[in-house]
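**Student:** generate coordinates for the sequence data below:
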Amino acid sequence: MIRALTLAIGLCAAATGAVAQSVKLTAEEITQLLTGNTAIGVWAGANYRQFFDADGTTIYAQEGSRSARGEWRIDAERDEYQSIWARDAEWEGWFVMEYLGSYFWVSKSTPPTPFKVVAGQQLVAPSE
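**Tutor:** Coordinates of the predicted model:
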């Protein structure tokens, strides 16, 4: 009886953990999520918006700063988003994770950073 109860608790715990796991998006899923859309979040304490054009250009607009134009691509072998900016020597890669309906930028050098996606080019927040 105790053995059966222990097994049942273990199975429930394993099943519960599987439901709440984060999921790494595939290259195709990242492409579908970002292409022609705008990511909105907070980076280094400042609100930002970043548009991902289908032609591979990206525009990053952060409150209190001039916008920046760069390039973006998806590495299908690594299933990661990559970008390069005017002062960068190399492309930088980020995984895109989904957890409980929210998206996160994930890299080896920074903690998971949440963002949301809105349709189209929305570099300026709508007036309220």
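**Student:** for the rest of this, base every contact and every neighbour count on C-alpha atoms.
**Tutor:** Noted.
**Student:** where are the low-confidence patches of this protein?
**Tutor:** 1-20, 127-128 (pLDDT under 70).
**Student:** show me where it has strands.
**Tutor:** Using DSSP state E, the strands assigned to the chain run over residues 23-24, 37-43, 46-52, 57-62, 68-75, 80-85, 92-99, 102-106, 113-119.
**Student:** return the set of buried residues in the last one.
**Tutor:** With burial defined by 16 or more other C-alpha atoms under 10 Å, the residues of strand 113-119 counted as buried are 113, 114, 115, 117.
**Student:** in the sheet, which strands lie alongside that strand, parallel or antiparallel?
**Tutor:** If you go by DSSP bridges, strand 113-119 pairs up with strand 37-43 (antiparallel), strand 102-106 (antiparallel).
**Student:** one more: the fifth one?
**Tutor:** Next to strand 68-75 in the sheet, as set by DSSP bridges, lie strand 57-62 (antiparallel), strand 80-85 (antiparallel).
**Student:** contacting residues around the last one?
**Tutor:** Meaning strand 80-85. 26-27, 30, 68-75, 90-96 (C-alpha atoms under 8 Å, 6 or more residues apart in numbering).
**Student:** that one vs strand 92-99, what angle?
**Tutor:** Per axes from the mean of the first three to the mean of the last three C-alpha atoms, to 10 degrees, the angle that strand 80-85 makes with strand 92-99 is 140 degrees.
**Student:** one step back: let's have the strands paired with strand 113-119 in JSON lines, adding mean neighbour count and distance to residue 49.
**Tutor:** As requested, the strands paired with strand 113-119 are exported to JSON lines (neighbours: other C-alpha atoms under 10 Å; distance: least, C-alpha to C-alpha, whole Å):
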{"stretch": "strand 37-43", "mean neighbour count": "19", "distance to residue 49": "5"}
{"stretch": "strand 102-106", "mean neighbour count": "18", "distance to residue 49": "14"}
